[in-house]
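**Q** Below are the sequence and a predicted model for it; my questions follow.
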Amino acid sequence: EKNVKINAAAESFEKKNGEAAKISDICDLTGLSPEEVVFCQSAGVTVASLEAEDSFGRRGFDTVKSRETEDEKVWKIALKSAVSELPEELKRIIGLRYYHGLSQQKTAEITGLSQVQVSRKEKKAIDLLKVKLKEDFT
């Protein structure tokens, strides 16, 4: 339902203004939050079927098994814990950049910051995470 609303708003904006709608434009037209818009747009991405065979004749189900080592699992847990300790603004930026895979520009649109501010805050967050993880593993 939200996806239909978002697509209609984006099309309407593009027809009216002759350019693609930004996330903030879609939010204004739909009343949805930036996070809702990004989530719905991400959810609409086509994914490969688990039934499809790859070039080696393996089906998706055969390749989904976890290949993480114990060390990788420990690192993920430690990283998740370290991220949870960041100030809310930095946590949000890290979430948008690395969990949602958004560019600095898209993150800037959502947060209301400039791309340069996002870049600086992202660097600060990464530096804080490095210090925290170094403390945890030394």
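**A** Arrived safely, thanks for sending.
**Q** Tell me how far the residue lying closest to Ser33 once chain neighbours are set aside lies from Phe137.
**A** Leaving aside its sequence neighbours, Ser33 sits nearest to Cys27 (CB to CB, 6 or more residues apart in numbering; 6.7 Å). Where you see a C-beta, it was placed from the backbone N, CA and C, and this is true even at glycine. Applying CB to CB, to the nearest Å, the value for Cys27 to Phe137 is 40 Å.
**Q** follow-up on the earlier one: am I right that the residue nearest to Ser33 sits in a helix?
**A** Yes. Residue assignment for Cys27, taken from DSSP: H, G, I helix; E, B strand; the rest coil, places it within a helix.
**Q** does Glu68 count as helix, strand or coil?
**A** Following three-state DSSP, we place Glu68 in the coil state.
**Q** so what's it up against?
**A** Lys76 (CB atoms under 8 Å, 6 or more residues apart in numbering).
**Q** Tell me, what's the model's pLDDT at it?
**A** With respect to pLDDT, Glu68 has a value of 70.
**Q** where in this protein is pLDDT low?
**A** Across the chain, the ranges flagged by pLDDT under 70 are 42-67.
**Q** for it, what's the longest helix?
**A** Across the chain, the longest stretch assigned as helix under DSSP state H is helix 115-136.
**Q** Kindly export that helix (C-alpha atoms) in CSV.
**A** Extracted C-alpha coordinates of helix 115-136, given in CSV (Å, rounded to 0.1, in the frame of the first residue of the first chain):
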residue,chain,number,x,y,z
GLN,A,115,26.7,15.5,2.6
VAL,A,116,29.9,17.0,4.1
GLN,A,117,28.4,16.9,7.6
VAL,A,118,27.3,13.2,7.1
SER,A,119,30.9,12.4,6.0
ARG,A,120,32.4,14.0,9.1
LYS,A,121,29.9,12.4,11.5
GLU,A,122,30.4,9.1,9.8
LYS,A,123,34.2,9.4,10.3
LYS,A,124,33.7,10.3,13.9
ALA,A,125,31.4,7.3,14.5
ILE,A,126,33.9,4.9,12.8
ASP,A,127,36.7,6.4,14.9
LEU,A,128,34.6,5.8,18.1
LEU,A,129,33.8,2.3,17.0
LYS,A,130,37.5,1.5,16.4
VAL,A,131,38.4,2.7,19.9
LYS,A,132,35.6,0.7,21.5
LEU,A,133,36.5,-2.5,19.6
LYS,A,134,40.2,-2.1,20.3
GLU,A,135,39.3,-1.9,24.0
ASP,A,136,37.2,-5.0,23.8
